[in-house]
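Asker: Give the three-dimensional model of this entry:
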Amino acid sequence: MSNPSDPEPFLDRVEAVVLAGGPLGDLAWEGREAPPSKGFLPIHGTPMAALTVRAVAPSPKVSRVILVSPLEDVVW
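Answerer: Numbers count the residues shown, from 1 in each chain. Okay, the predicted model is just below:
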């Protein structure tokens with residue numbers, strides 16, 4: 001059993017879940033093709049979910065990244 005006062009976390013690695021499926025709702029996309037969900041809103045030309053995955057994936061504490069998306073195949 002682990003000691004609660006031990007500074008080491010009880011998990012060595014975790015799985016990261018990136019949620020990229022929120023509806024656009026009232027966001028205006030006049031004159032442009034709307035992304036499939038909020039997670040695909042571009043930030044300087046790159047989908048927000050891609051930026052998140054790229055930031056989380058290299059961590060040695062992350063064993064796997066799971067992307068929840070309305071799209072079946074996502075390639076960046």
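
Asker: Next, the buried residues of stretch 68-76.
Answerer: Residues of stretch 68-76 classed as buried: 69, 74 (neighbour count, 16 or more other C-beta atoms under 10 Å). No exception for glycine: its C-beta is placed from N, CA and C like everyone else's.

Asker: Start and end of that stretch, how far apart?
Answerer: Counting by C-alpha to C-alpha, to the nearest Å, the length from the leading to the trailing residue of stretch 68-76 is 15 Å.

Asker: now it: mean pLDDT?
Answerer: Averaged over stretch 68-76, pLDDT sits at 85.

Asker: Just the residues contacting stretch 14-32, thanks.
Answerer: By C-beta atoms under 8 Å, 6 or more residues apart in numbering, the surrounding residues in contact with stretch 14-32 are 34-35, 37-41, 47-49, 52-53, 56-57, 61-70.

Asker: Stretch 69-76: how far from the chain's middle?
Answerer: Centre-to-centre, stretch 69-76 and its host chain are 12 Å apart (C-alpha atoms, centre = their mean, to the nearest Å).

Asker: partner strands of the helix or strand bottoming out on mean pLDDT in the chain, parallel or antiparallel?
Answerer: Considering only helices and strands, the least confidently modelled element of the chain by mean pLDDT, DSSP states H and E is strand 42-43, at a mean of 91. Using DSSP bridges, the neighbouring strands of strand 42-43 in the sheet come out as strand 46-47 (antiparallel).
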